[in-house]
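Peer 1: Take this sequence and fold it.
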Amino acid sequence: MLQRFGFGRKWRSWMRACVCAGNMSVLVNGSPTDEIWIKRGLKQGDPIAPLLFLLVAEGLGALMRKAVE
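Peer 2: So this is what the prediction gives:
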């Protein structure tokens with residue numbers, strides 16, 4: 001889905017890393033935070049969830065428009 005929207009390989013790998021198991025840290029004012037352990041998927045309230053929802057909704061809408069044509 002992200003590839004169809006024109007996102008590059010590096011950006012897609014970052015997104016995959018955010019929603020899969022592992023750990024990450026965030027830069028705040030140029031300094032990294034403590035590591036955050038990601039267990040499984042996203043949970044309600046995650047800041048990235050609305051973006052992913054919109055991407056999936058756009059993809060679903062495109063598939064529905066194509067089916068109607």
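
Peer 1: Show me which residues of the helix or strand hosting K10 are buried.
Peer 2: Using DSSP states H and E, K10 falls within helix 9-19. Neighbour counts over helix 9-19 (16 or more other CB atoms under 10 Å) mark M15 as buried. Quick note: C-beta positions are derived from backbone N, CA and C, even for glycine.

Peer 1: cool, stretch 29-38 as well?
Peer 2: Those would be I38, for stretch 29-38 by 16+ other CB under 10 Å.

Peer 1: Run the chain-centre distance for that stretch.
Peer 2: 18 Å (CA atoms, centre = their mean, to the nearest Å).

Peer 1: Counting by contacts, list what the longest helix belonging to the chain packs against.
Peer 2: Taking DSSP state H as the criterion, the chain has its longest helix at helix 49-68. On a contact count with 3 or more CB pairs under 8 Å, 6 or more residues apart in numbering; DSSP states H and E, helix 49-68 meets no helix or strand.

Peer 1: and the residue nearest the centre of the chain, how far is that from A57?
Peer 2: Centroid check for the chain by CA atoms, centre = their mean gives M15 as the closest residue, at 4.3 Å. Taking CB to CB, to the nearest Å as the measure, M15 falls 16 Å from A57.
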